[in-house]
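Engineer: Next one to model:
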Amino acid sequence: MRLVSVNVGLPRDVSWQGGTATTGIFKQPVAERVKVRRLNLEGDRQADLSVHGGPSKAVYAYPSEHYPYWRDQFPDFDMPWGMFGENLTLEGLLEHQLNIGDRLRIGSAEFMVTEPRMPCYKLGIKFGRKDIIPRFLGSRRSGFYLAVLEEGEVGAGDPLRTLCKAERSVTVPDIVQIYADRSNKNLDLIHRAIQTEALPDSWRDYFSRLLQGVKA
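Structural biologist: Predicted structure coming up:
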């Protein structure tokens, strides 16, 4: 397992549907080593901190193994690393292998898996088409957010190691499944998600409300 590419970018204003939107989704691969801070990578920023960024979404990681699928879906698109707005393009570690709360070491930094990425309209801006949002969600190729537990440095080619697996086995795809399948009746999974301390409060509150609706 290794880090294939480090991608950073600052927010920019872009034209979208007759108006202007500010987004940090445009990331570019960098050759040099990059410092990992508590809230982001050096040289990277999130635009709308009400839905992006913060301690639980400091860094976004995406498996390189998903790129062939998307290149097949959009053969006319140029798809360099960072196309999905990810900071870290990884090799050898997929969503279904990760529990919420797993701890990873990349370079000299330590991370914790916190949640999947849910697509918003800014992915549509990047692709220039709104249908990428349901297609991204339906593909279950979500990538995952990381909290920074220990600051350090990362660079392309760094090895990736799993330091410790979370005891409560709620995976990244489990969270996507509960969210995407509104008729979900897997009460055990919903309960386990609510009890997963590494999952951000916003998700746990959402699942608590969902559970109340299922029981009603």
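Engineer: show me where pLDDT drops low in this structure?
Structural biologist: 47-52, 182-184, 214-216 (pLDDT under 70).
Engineer: Please, where are all the strands along it?
Structural biologist: Taking DSSP state E as the criterion, the chain contains strands spanning 2-8, 12-16, 19-23, 28-30, 34-36, 59-63, 88-91, 103-106, 109-116, 144-150, 152-154, 160-164.
Engineer: Any buried residues in the lengthiest helix in the chain, and which?
Structural biologist: Taking DSSP state H as the assignment, the helix of the chain that covers the most residues is helix 201-215. When neighbours are counted by 16 or more other CB atoms under 10 Å, the buried residues of helix 201-215 are found to be Trp203, Tyr206, Phe207, Leu210, Leu211. Where you see a C-beta, it was placed from the backbone N, CA and C, and this is true even at glycine.
Engineer: Of all residues in the protein, which one is nearest the centre?
Structural biologist: The residue lying closest to the centre of the chain (CA atoms, centre = their mean) is Phe144, at 3.0 Å.
Engineer: Run through the residues that contact the nearest residue to it once chain neighbours are set aside.
Structural biologist: Using CB to CB, 6 or more residues apart in numbering and skipping residues adjacent in sequence, the residue nearest Phe144 is Val172, 4.9 Å away. Taking CB atoms under 8 Å, 6 or more residues apart in numbering as the contact definition, Val172 lies against Glu95, His96, Leu98, Asn99, Ile100, Val113, Glu115, Pro116, Ser142, Phe144.
Engineer: any idea which of those is closest to Tyr179?
Structural biologist: Distance ranking of the contacts of Val172 against Tyr179, using CB to CB, places Pro116 first at 8.1 Å.
Engineer: Okay, and the beta partners of the closest one?
Structural biologist: Phe144 (DSSP bridges).
Engineer: show me what contacts Lys126?
Structural biologist: Under the criterion of CB under 8 Å, 6+ apart, the contact list for Lys126 reads Thr23, Ile25, Phe26, Met83, Phe84, Gly85, Ile132.
Engineer: if I look at the first one, how far off is Ala31?
Structural biologist: When you say that, I think you mean Thr23. If you measure Thr23 against Ala31 using CB to CB, to the nearest Å, the figure is 24 Å.
Engineer: So for these two, which residue has more residues nearby?
Structural biologist: Legend: neighbour count by other CB atoms under 10 Å for Thr23 and Ala31, higher for Thr23 (22 against 9).
Engineer: Skip the chain neighbours and tell me the closest residue to the more buried one.
Structural biologist: Sequence neighbours aside, Lys122 is the residue nearest to Thr23 in space, at 4.5 Å (criterion: CB to CB, 6+ apart).
Engineer: so the one you found makes contact with Ile25?
Structural biologist: Yes - under the criterion of CB atoms under 8 Å, Lys122 is in contact with Ile25, at a separation of 4.9 Å.
Engineer: Could you tell me which residues touch both of those two?
Structural biologist: Shared contacts of Lys122 and Ile25, defined by CB under 8 Å, 6+ apart, are found at Gly85.
Engineer: Between the two, point out the one with more neighbours.
Structural biologist: Using other CB under 10 Å as the criterion, Lys122 and Ile25 rank with Ile25 on top: 25 against 22.
Engineer: Nearest spatial neighbour of that one, chain-adjacent residues omitted?
Structural biologist: Residue nearest to Ile25 in three dimensions, not counting chain neighbours: Gly85, with 3.9 Å by CB to CB, 6+ apart.
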